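Participant: the following comprises the amino acid sequence and a computationally predicted model.
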Amino acid sequence: MNKHQTGFTLLELMIAIALGLLVVAASLMVFLTGQRSLGMQVGLSDVQQGSNFGLGSMAYDLRHTNLNTPSNQVINKKIAGSGVIFDVSNFATENPLTNVAGIITKENESDDATTGKSDQLVIQFVPEYTEIKSDIEIEKDGASAPAVQVNAVARNNDCEGNPINFASNNAGVVGTAPIVEKPIMVYRYFIDELPDNQQITGENTRYGLYCDAGYYFKTGDTTLHGMNDDSAQLIIQNVDAFKVRFGLKNAAGNYRYADIKTYVDDNEDNVNVVSIEVGLLIGSSQSIGADASLNLKNTFNLAGKQVTLKENSANSKYLRQEINQVIGFRNTLGGS
């Protein structure tokens, strides 16, 4: 009995190879689609994280602007104690501060990733405090009295993460409450370059939004403490531009928006600031891959100003989103 061994014919082999190639092509397409989707999702996550957490923290602090300052609930460029500092005369000290040159709200102050420059915003406020008696007793006239320490109630840290905690400036008198002068907090928001380990060779310089915190006492101080000491805290990464404009209300009750320079140059005295619009251009930290060919926008609107990215072939590799948020100054509405 003869046994015949048969194999694949050439036609069957070609069909099998074709089917295998179709399966490989489909798998490769699924993989590439997944990679593109992952790149886009990571980019969106970067932008959303910056806007949700970074801008949220900034907005929280901005709502404290003008709180408890000696400005009679008015934010105005010509009033001492104004919650927004437009000029060194807005610092509420009895004696001029000697180290505040440049620490004012200014337009086009810092280099950024655009063809223009970013703004600088400086605010001040006095946090709500509770007086906590310490364990240290002060001897006076043969008797003793507790010293007093001041702690912030609403938030125990400034924007740099430092605890807001100040001792009494008075030893106390037995039988009377010790005198405690509450410090005035100053926050400066500005754009600066990210550290070298976050820069990429051949691409435009990367920037971030920073907050620099300091404080001073109204009585006796001639120095703004803790500011400009290279300890500014990065609050949002990959910020290409930062712009602000103010909501204004005049004596007649009319409202309008104005950028920093327009308001500072305005000769009308009775124009008070009642709100602020913050504009941020936030980018992703990772490339969005093949979708870069669809990401060609390079001009954006921030707080009423148009900004354009510096030319670079890598611009389209990163997702960007313009974010504008209006924040009302709660501690000025009653006085304006």
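Facilitator: Structure's in. What do you need? Quantities reported herein were computed from a predicted structural model and do not represent experimental measurements.
Participant: can you report how many residues neighbour residue 284?
Facilitator: By other CB atoms under 10 Å, 25 other residues sit near residue 284. For the C-beta atoms, the positions are set from N, CA and C on the backbone; glycine is no exception.
Participant: ok, it to residue 124 distance?
Facilitator: 34 Å (CB to CB, to the nearest Å).
Participant: now do residue 25
Facilitator: Counting by CB to CB - residue 25 and residue 124 are separated by 64 Å.
Participant: need phi/psi at the nearest residue to residue 213 once chain neighbours are set aside.
Facilitator: Of all residues beyond its chain neighbours, the one nearest residue 213 is residue 158 (4.0 Å), with distances taken as CB to CB, 6 or more residues apart in numbering. For residue 158, the backbone dihedrals are phi -80, psi -170 (criterion: degrees, to the nearest 10).
Participant: could I get the pLDDT score of residue 158?
Facilitator: Looking at residue 158, its pLDDT stands at 90.
Participant: same check on residue 210?
Facilitator: The model's pLDDT for residue 210 equals 96.
Participant: how about the residue nearest to residue 213, what does it touch?
Facilitator: Shown in contact with residue 158 (CB atoms under 8 Å, 6 or more residues apart in numbering): 164, 185, 187, 213.
Participant: okay, those in TSV with distance to residue 85 and pLDDT next?
Facilitator: Shown next, in TSV, are the contacts of residue 158 (distance: CB to CB, whole Å; pLDDT from 0 to 100):
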residue	distance to residue 85	pLDDT
164	19	81
185	12	93
187	10	97
213	14	95
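Participant: farthest pair within these?
Facilitator: Across the contacts of residue 158, no pair lies farther apart than 164 and 187, at 11.8 Å, counting by CB to CB.
Participant: who has more neighbours out of these two?
Facilitator: Each of residue 164 and residue 187 has its neighbours counted (other CB under 10 Å); residue 187 has more, 24 against 19.
Participant: other SSEs contacting the helix or strand harbouring that one?
Facilitator: Element membership for residue 187 (DSSP states H and E) is strand 184-193. Other elements packing on strand 184-193 under the criterion 3 or more CB pairs under 8 Å, 6 or more residues apart in numbering; DSSP states H and E are strand 106-111, strand 117-125, strand 207-216, strand 239-250.
Participant: now for those, which one comes closest to residue 76?
Facilitator: Residue 76 lies closest to strand 239-250 among the helices and strands packed on strand 184-193, at 9.9 Å (CB to CB).
Participant: buried sites along the closest one?
Facilitator: Residues of strand 239-250 classed as buried: 239-249 (neighbour count, 16 or more other CB atoms under 10 Å).
Participant: just stretch 279-286 next, same as before
Facilitator: For stretch 279-286, by 16+ other CB under 10 Å, it's 279-285.
Participant: and if you look at stretch 259-279?
Facilitator: Buried, per 16+ other CB under 10 Å, within stretch 259-279: 259-260, 263, 271-279.
Participant: and that stretch, how far apart are its ends?
Facilitator: 12 Å (CA to CA, to the nearest Å).
Participant: any idea how far residue 29 is from residue 23?
Facilitator: The gap separating residue 29 from residue 23 is 11 Å, by CB to CB.
Participant: and for residue 76?
Facilitator: Residue 76 sits 72 Å away from residue 23, taking CB to CB as the criterion.
Participant: between the two, which one's more packed in?
Facilitator: A side-by-side neighbour count of residue 76 and residue 23, using other CB under 10 Å, places residue 76 first with 24 against 10.
Participant: next, the more buried one: secondary structure please.
Facilitator: With DSSP: H, G, I helix; E, B strand; the rest coil as the basis, residue 76 sits in coil.
Participant: look at it and report its pLDDT.
Facilitator: In this prediction residue 76 is given a pLDDT of 94.
Participant: what of residue 123?
Facilitator: Reported pLDDT for residue 123: 97.
Participant: wait, it touches residue 84, no?
Facilitator: Yes. Here residue 123 lies in contact with residue 84, judged by CB atoms under 8 Å, at a distance of 5.7 Å.
Participant: one step back: take the contacts of residue 158 and lay them out in CSV including distance to residue 110.
Facilitator: CSV is the format used below for the contacts of residue 158 (distance: CB to CB, whole Å):
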residue, distance to residue 110
164, 26
185, 22
187, 16
213, 17
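Participant: I'd like to know which helix or strand in this structure has the lowest mean pLDDT.
Facilitator: strand 143-152 (a mean of 56; mean pLDDT, DSSP states H and E).
Participant: if we can go back for a sec, now the buried residues of strand 239-250 as TSV including distance to residue 198?
Facilitator: Shown next, in TSV, are these (distance: CB to CB, whole Å):
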residue	distance to residue 198
239	12
240	14
241	17
242	18
243	23
244	25
245	29
246	32
247	35
248	38
249	41
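Participant: report the two of those separated the most.
Facilitator: 240 and 249 (31.5 Å).
Participant: helix or strand for residue 159, which one?
Facilitator: Per DSSP H and E, there is no helix or strand for residue 159.
Participant: count of residues packed around it?
Facilitator: 21.
Participant: skipping adjacent residues, who's closest to it in space?
Facilitator: residue 211 (3.9 Å).
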